[in-house]
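[1] okay, here's the prediction I keep looking at, along with the sequence it came from:
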Amino acid sequence: MSPRRAYRSDLPDAQWALIEPTLTAWRAARRGPGVAARVHDLREIVNAILYVCRTGIAWAYLPHDFPPYKTVYDYYAKWEADGTTETLHDLLRQRVRVSKGRAATPFRPASVSGWVEREEMGGL
């Protein structure tokens, strides 16, 4: 298959470099009976998912220069079910926070001051 032209929704190289180890490890952990041979490039699967998310099209209308839509959706559904998409989101969010001079993880106080008192008093 010849390389396809880039879509505006494609993942930039820097972001791919950040998430690629996580996805490669995820794929490597899925070996054994009943696991199909790896035919499609993980980056192309991610780019296809981003294309669907950013354009709002139905999975079945995914352009033909991406992997088959059923394959793309299967990866998406598995990543959603096992928390992989959340892990990737956390990695990207941490990168953005650090680049802006903030802590990698947002601070969450154990309780918001006054919340419990107002709730006990019938407020809110």
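    Okay, I see it.

[2] quick check, central residue of this protein?
    residue 85 (3.6 Å; Cα atoms, centre = their mean).

[3] spit out the contact partners of that residue.
    For residue 85, the contact set (Cβ atoms under 8 Å, 6 or more residues apart in numbering) comprises 76, 79. C-beta here means a position set from N, CA and C on the backbone, and glycine is covered the same way.

[4] what helix or strand is it on?
    Using DSSP states H and E, residue 85 falls within helix 84-99.

[5] then residue 46?
    Short version, using DSSP H and E: residue 46 is in helix 42-55.

[6] neighbouring contacts of that helix?
    7-11, 16, 19-20, 23-24, 27, 57, 59, 62-63, 66-67, 69, 71-72, 75-76.

[7] can I get the buried part of these as one ChimeraX selection?
    Filtering these down to the buried ones (16 or more other Cβ atoms under 10 Å) takes a single ChimeraX command:
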select :10,11,19,23,62,66,67,69,71,72,75,76
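
[8] quick one: which of the contacts of helix 42-55 sit in helices?
    Counting by DSSP state H, the contacts of helix 42-55 place 16, 19-20, 23-24, 27, 69, 71-72, 75-76 in helices.

[9] same list, those residues, but as JSON lines with pLDDT and distance to residue 44 please.
    Formatted as JSON lines, the ones in helices among the contacts of helix 42-55 follow (pLDDT from 0 to 100; distance: Cβ to Cβ, whole Å):
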{"residue": "16", "pLDDT": "94", "distance to residue 44": "11"}
{"residue": "19", "pLDDT": "93", "distance to residue 44": "14"}
{"residue": "20", "pLDDT": "96", "distance to residue 44": "12"}
{"residue": "23", "pLDDT": "95", "distance to residue 44": "12"}
{"residue": "24", "pLDDT": "93", "distance to residue 44": "14"}
{"residue": "27", "pLDDT": "91", "distance to residue 44": "13"}
{"residue": "69", "pLDDT": "97", "distance to residue 44": "12"}
{"residue": "71", "pLDDT": "95", "distance to residue 44": "10"}
{"residue": "72", "pLDDT": "97", "distance to residue 44": "9"}
{"residue": "75", "pLDDT": "95", "distance to residue 44": "10"}
{"residue": "76", "pLDDT": "97", "distance to residue 44": "13"}
